[in-house]
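**Student:** Here is a sequence with its predicted model. Questions after.
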Amino acid sequence: MSDEANLPVIPDKVAEKLRDGKDVPLEEISSAAAEMKDTREASRSVPLRGETLRPVSRAQANTLMTGNPEGLLQRGSVPRAPVTRRVIPPPFRRESISIRVPGEPQPQWHNLKASQVREGYIVPGVGRVVSIRTGVRYAEAGEMVPVTLHTGEAAEVKAVLLDGYTEADYHSLVEEFGSEQVAVGTDIVLTGPEGGSITVDAEAEVQAFGL
């Protein structure tokens, strides 16, 4: 350890005046030294963050404590006393690896028809889709199918919309198709992992995250 390391530390504001050849009263030196000590002690009370700390080698530790990489003290030198500091542990980070192969398509958000959504896709309001069910949507024939009566000559055909089917029309549907209802579309039921689901028309557009 060099002799300069054992010299007393002079506060910067006092050192500047001494370099300029100015006289510095003893009281000013004492006040500056006390201020420097308070600042140093205050900084030691501030906790350190674990992620900012880096390990040091034994030689580096010896140099910090004694000024000698081998930790040998010279005659008349005093080793620096260790200082304890409170350390805030770094935040926990779960280790992960990527198994994606370069060049393979990556998942991204798409606007898709509901019929194009696949299990594993992520859909707003559902989450990750775990189940997809398809069903036919029915409606009363009289409500969905317009009934017209054509009148007039061929050049002036008029279509008059009737109010609904007659009782004979309903019986005819039941006899021919077994129901008074007609299929009007296809519904897609998307179900998430917690049981939440949404029902949308197969041709309706939804946002989905996937390949």
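**Tutor:** In hand now; what should we look at?
**Student:** So what's the gap between the biggest helix by length in the chain and the chain middle?
**Tutor:** Determined from DSSP state H, the single longest helix within the chain is helix 26-45. Distance of helix 26-45 from the chain centroid (Cα atoms, centre = their mean, to the nearest Å) equals 46 Å.
**Student:** same question, stretch 37-57
**Tutor:** 31 Å.
**Student:** Now the terminal residues of it, how far apart.
**Tutor:** Stretch 37-57 has an end-to-end distance of 29 Å (criterion: Cα to Cα, to the nearest Å).
**Student:** next one: stretch 42-56
**Tutor:** Stretch 42-56 end-to-end distance (Cα to Cα) = 25 Å.
**Student:** center of this structure, which residue is that?
**Tutor:** Ranked by distance to the mean C-alpha position of the chain (Cα atoms, centre = their mean), the top residue is R93 at 13.9 Å.
**Student:** and stretch 117-128, which residues are buried?
**Tutor:** 117, 121-123, 126 (16 or more other Cβ atoms under 10 Å). Just so you know, the C-beta spots here come from the backbone N, C-alpha and C atoms, and that holds for glycine as well.
**Student:** now these in JSON lines, with distance to G71?
**Tutor:** Listed next are the buried residues of stretch 117-128 as JSON lines, based on distance: Cβ to Cβ, whole Å:
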{"residue": "V117", "distance to G71": "68"}
{"residue": "Y121", "distance to G71": "63"}
{"residue": "I122", "distance to G71": "59"}
{"residue": "V123", "distance to G71": "64"}
{"residue": "V126", "distance to G71": "65"}
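**Student:** Give me the subset of those that lies in strands.
**Tutor:** 122-123 (DSSP state E).
**Student:** Go through the buried residues of stretch 117-128 and name the one nearest R85.
**Tutor:** Proximity of the buried residues of stretch 117-128 to R85 was ranked by Cβ to Cβ; the top entry is I122 with 45.0 Å.
**Student:** Right, I'll leave it there.
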